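I'd like to go over a predicted model; first the sequence, then the structure.
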Amino acid sequence: MTSVITLLTDYGLEDGYVAACHGVIARIAPQARIIDVCHLVPSGDVRRGAAILAQTIPYLPAGVHVAVIDPDGGGSRRVVALEAGDHVLLGPDNGVLSWAARAVGGARAAYELTDEELFLKPVSPTFLGRDVFAPVAARLAAGREPAGLGPAVPLDRLVSFPAPTSLVRGGVVEGEVLSVDHYGNVQLSIGAGDLASLGARPGSILAVRLGRRQLSVPFRETFAAVPPGEVVAFTDSAGLIALAINSGDASQRLGLPPGAHVRLSPAP
Amino acid sequence: MTSVITLLTDYGLEDGYVAACHGVIARIAPQARIIDVCHLVPSGDVRRGAAILAQTIPYLPAGVHVAVIDPDGGGSRRVVALEAGDHVLLGPDNGVLSWAARAVGGARAAYELTDEELFLKPVSPTFLGRDVFAPVAARLAAGREPAGLGPAVPLDRLVSFPAPTSLVRGGVVEGEVLSVDHYGNVQLSIGAGDLASLGARPGSILAVRLGRRQLSVPFRETFAAVPPGEVVAFTDSAGLIALAINSGDASQRLGLPPGAHVRLSPAP
Amino acid sequence: MTSVITLLTDYGLEDGYVAACHGVIARIAPQARIIDVCHLVPSGDVRRGAAILAQTIPYLPAGVHVAVIDPDGGGSRRVVALEAGDHVLLGPDNGVLSWAARAVGGARAAYELTDEELFLKPVSPTFLGRDVFAPVAARLAAGREPAGLGPAVPLDRLVSFPAPTSLVRGGVVEGEVLSVDHYGNVQLSIGAGDLASLGARPGSILAVRLGRRQLSVPFRETFAAVPPGEVVAFTDSAGLIALAINSGDASQRLGLPPGAHVRLSPAP
């Protein structure tokens, strides 16, 4: 059986760091297939890493999914392995795994990594990806059970990001900017169903309120449905409402960083 | 038998988009080997994608080659599978496959993708790579015949970019800028044979006319044959004449974007 | 047996160059596994390539390791294959392999690549990675012996970078900036043992002298041990002393490019 390990880090691609992780895995579990999820997560941006993993994992094969976005790497946070669906999620207990676990049905067990026999010695406190995460992922892929890594962690003690929320009231749906992709497309925490409950359908015009500003924005099937340079709303590949500018950067031009508050309603 | 799938997109590497395509393929065709051709094609630049694929495919194993440069993704263009040489090319019918098909002997059959049973449902109109191209490529790699994807398309109805042309007359060869690589090297539509027919050989000096400007440029085996900062012409890795600046950006400094007109002749 | 080929180049990721190398290997040695070490080495930066390979190879599986950082590619330098440890290192004889060979125990034999039967014809003088290095690496991975590539080269005739040195005298350790990673972390040629021999331990304060400037810098387990924006010294993942700024670019802010001279001592 082929086992799969996926890797998400903020290591960038300008050094040999990702290759060292691949190498450690290939030496311990030569049969494991490695899929790189992303290595260009902005340095230490746990929330962005969590969003990328959560939106990708539904399309990944069963396997061990490693997320090394770990700004407190030398600090006191635990390293945990979560069992969720067919998957094992491995990473620091800082929230980076929480949305992904939810996306595949929720964690049903968690274990703290304490068996240092599995680590590569000496462990460099500045390269846990190579010395801790990669060798442990390789052993999991080679058949080791997560329960053998260390003590169970009660699920309600795991660090979790709050689920991105939206609220429908008075004919308006409120939410926030969940994530911005490298095109500058702004993904909201508002699902397509929320808009539909207000009667908005592709083809409608939306009233978009950003603080005191209000825009009229066409709601279309895709961003290509408007001329270059124009703002458009559409249902993105994760089923969420996104604001984009055809051939432009919506986050920058509309001033919408992650966390910014947004209200949508069908235009009168 | 190992089957090969290659991927060319403009998805960038800052999100999980490429990984989602890898994941979809790995779930359907776990035995297929995936080779990433390039994911940093400038967004929507069909011509640049076409040039990269055409210049790479002669070196790729027989397989299914997917090109998702699809600025009209939600629009009305067809998705097609072309049979050419040992290869199947899969992509939008917007020209992105046309130069690659020619590079491996020309398409001998084309089919429009209409069997939606092969797609991942629901299809996100903004992520056809994941929901349409990846699952179809995986099924082709797993043995499905292109003829089973949908109706045949007459070859003369496919959208094709005109073959880049050069013209030799009056002791001068005329052509255009075909492509600019990330070093800023300017690749012309002029083959090494055209220059040879005028008597120019590595070691000669060329007269290079760019609009009203004229430059004397040494024609050498490689760009390293001139001092840093100097302009040089050489035969590039695709057998075409390129203008470069050793340790510099020729496209920018000479003002030569794709499509610009260039005339070459041996210097008197 | 699975054989492994690793690739280090300065080709960048914006073209199909890396994919062409993968393709050539996959056609000749379909069973070989390819690990990309790094393709974003600054163009022609042999020293940076040498540092990345040397610091990664201890974690890579036994295999053929190819380094194409070759600014004199069309020139007169030899191409060599070195046997060192379980590995074969393949690259131009310009020093790029020298630190890596030392990192795995030193070269015990070297051969000059002269058997052009192994090359892809016609060889493009501007793309030796595709036409020379990839096919030769594939044949080595498929079982060919390095001794069959061409004549032996005396080990003392290989181009080698001097080993990065440090000098302990008068209670001070002197060294130089070995490498700067993409975070801007400054890696010194000073090992953790040198500092320990002066009595400095994590928790100490160091006197850091950069030319005429002197800084007091905390020596900690990791860069995360100081507040964002502050300078810190720590033992990096290669066992060397590094200067970093938590969430900042130390090389830029301290004015420390590769080669700059640095002296460290325990603060009085």
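Nice, thanks for sending it over. Residues are numbered from 1 along each chain as shown, chains lettered A, B, ... in the order given.

Relative to residue B:8, how far out is the residue nearest to residue A:182 when sequence neighbours are not counted?
The shortest distance from residue A:182 to any non-neighbouring residue, by CB to CB, 6 or more residues apart in numbering or on different chains, is to residue B:14 (3.7 Å). C-betas here are computed from N, CA, C, even on glycine. Using CB to CB, to the nearest Å, we find residue B:14 at a distance of 17 Å from residue B:8.

Equivalent analysis for residue A:201, please.
Here residue A:201 is placed at a distance of 34 Å from residue B:8 (CB to CB).

Comparing these two, which residue is more hemmed in?
For the pair residue A:201 and residue B:8, the greater number of neighbours falls to residue B:8 (27 against 11), based on other CB atoms under 10 Å in any protein chain shown.

what bridges to residue A:38?
residue A:8 (DSSP bridges).

who in chain A is up against chain B?
Residues of chain A found near chain B (CB under 8 Å from any CB of the partner chain) are A:2, A:4, A:6, A:8, A:13, A:33, A:35-40, A:52-53, A:55-56, A:59-61, A:181-183, A:221-225, A:234-237, A:239, A:242, A:247.

what's the neighbour count on residue A:108?
If you count neighbours by other CB under 10 Å, residue A:108 ends up with 11.

Was I right to think it contacts residue A:86?
No. Contact criterion CB atoms under 8 Å: residue A:108 and residue A:86 do not qualify, at 11.5 Å.

What parts of the stretch 101-250 of chain A come near chain C?
So the stretch 101-250 of chain A meets chain C at A:124-127, A:130-131 (CB under 8 Å from any CB).

so what are the domain limits for chain A?
What automatic domain parsing lists as the domains of chain A is A:4-157, A:167-266.

In JSON lines: the ones you listed, plus mean pLDDT.
Converted to JSON lines, these look like this (pLDDT from 0 to 100):
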{"stretch": "domain A:4-157", "mean pLDDT": "95"}
{"stretch": "domain A:167-266", "mean pLDDT": "91"}
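
May I see these organised as a markdown table, with distance to residue B:23 added?
Formatted as a markdown table, the domains of chain A follow (distance: least, CB to CB, whole Å):
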| stretch | distance to residue B:23 |
| --- | --- |
| domain A:4-157 | 4 |
| domain A:167-266 | 13 |
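
Okay, helices next: where are they in chain A?
Secondary structure of chain A (DSSP state H): helices at A:17-28, A:46-56, A:98-103, A:128, A:134-141, A:192-197, A:250-254.

Please compute how far the shortest one lies from its chain's middle.
For helix A:128, the distance between its averaged C-alpha position and the chain's averaged C-alpha position is 20 Å (CA atoms, centre = their mean, to the nearest Å).

Which secondary structure elements does the lengthiest strand in chain A sit against?
Longest strand of chain A, by residue count under DSSP state E: strand A:172-180. Under the contact criterion of 3 or more CB pairs under 8 Å, 6 or more residues apart in numbering or on different chains; DSSP states H and E, strand A:172-180 touches helix A:46-56, strand A:167-169, strand A:186-191, helix A:192-197, strand A:261-266.

Mean neighbour count, these: which tops it?
Across those, the average number of neighbours (mean count of other CB atoms under 10 Å in any protein chain shown) peaks for helix A:46-56, which reaches a mean of 26.

close to chain C, is that one?
No. Helix A:46-56 lies out of reach of chain C by CB under 8 Å from any CB, never closer than 13.2 Å.

I'd like to check the angle between that helix and strand A:186-191, please.
Counting by axes from the mean of the first three to the mean of the last three CA atoms, to 10 degrees, helix A:46-56 lies at 60 degrees to strand A:186-191.

Can you tell me what sits against helix A:46-56?
For helix A:46-56, contacts defined as CB atoms under 8 Å, 6 or more residues apart in numbering or on different chains pick out A:8, A:10, A:37-38, A:41-42, A:65, A:67, A:69, A:71, A:94-100, A:102-103, A:161, A:178-179, A:187, A:237-238, A:258, B:15-16, B:19-20, B:23.

Residue A:161 contacts residue A:98, doesn't it?
Yes. Counting by CB under 8 Å, residue A:161 does reach residue A:98; the two are 5.1 Å apart.

Compare these two (neighbour count), which wins?
A direct count of neighbours by other CB under 10 Å for residue A:161 and residue A:98 places residue A:98 higher, at 25 against 17.

mind listing what's buried in stretch A:80-99?
A:80-85, A:87-99 (16 or more other CB atoms under 10 Å in any protein chain shown).

Let's see which of those residues end up in strands.
Cross-referencing these against strands under DSSP E gives A:80-84, A:87-92.

will you turn these into CSV that also has distance to residue C:120?
Output for these, formatted as CSV (distance: CB to CB, whole Å):
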residue, distance to residue C:120
A:80, 48
A:81, 45
A:82, 47
A:83, 48
A:84, 47
A:87, 42
A:88, 42
A:89, 43
A:90, 41
A:91, 43
A:92, 46
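
closest to chain C among the residues you listed?
The shortest approach to chain C among those belongs to residue A:92, at 11.8 Å (CB to the nearest CB).

How about the closest one: which residues does it bridge to?
Assessed by DSSP bridges, residue A:92 has beta-bridge partners residue A:79.

Let me see the contact set for it.
Residue A:92 neighbours (CB under 8 Å, 6+ apart): A:67-70, A:72-73, A:77-80.

if we go to 6 Å?
Residues near residue A:92 by CB atoms under 6 Å, 6 or more residues apart in numbering or on different chains: A:70, A:77, A:79.

same deal with residue A:135?
Neighbours of residue A:135 in contact, by CB under 6 Å, 6+ apart: A:24, A:28, A:118, A:120.

Between all of these, which two are separated the most?
Pairwise distances across the contacts of residue A:135 peak at 11.5 Å for A:24 and A:118 (criterion: CB to CB).

Neighbour count for those two, which is higher?
For residue A:24 versus residue A:118, neighbours defined as other CB under 10 Å are more numerous around residue A:24 (22 against 19).

what about the residue in the stretch 151-268 of chain A positioned nearest to chain C, how many residues close to it?
For the stretch 151-268 of chain A and chain C, the shortest gap (CB to the nearest CB) falls at residue A:182, measuring 13.7 Å. If you count neighbours by other CB under 10 Å, residue A:182 ends up with 14.

go on, residue A:27?
Residues contacting residue A:27 under the criterion other CB under 10 Å number 17.

how about it, what does it touch?
Contacts of residue A:27 by CB under 6 Å, 6+ apart are residue C:61.

what do you get for residue A:164?
Residues near residue A:164 by CB under 6 Å, 6+ apart: A:178, A:189.

What about residue A:259, how many residues nearby?
Neighbour count for residue A:259, taken as other CB under 10 Å: 10.

err, residue A:71, not the other one
So residue A:71, with other CB under 10 Å, has 18 neighbours.

what about the nearest residue to it once chain neighbours are set aside, distance to residue A:68?
Excluding its sequence neighbours, the residue lying closest to residue A:71 (CB to CB, 6+ apart) is residue A:44, at 3.6 Å. Distance of residue A:44 to residue A:68, given as CB to CB: 11 Å.

show me the contacts for residue A:63.
A:4-5.

doesn't residue A:120 make contact with residue A:131?
Yes. Using CB atoms under 6 Å as the test, residue A:131 is close enough to residue A:120 to be in contact (4.3 Å).
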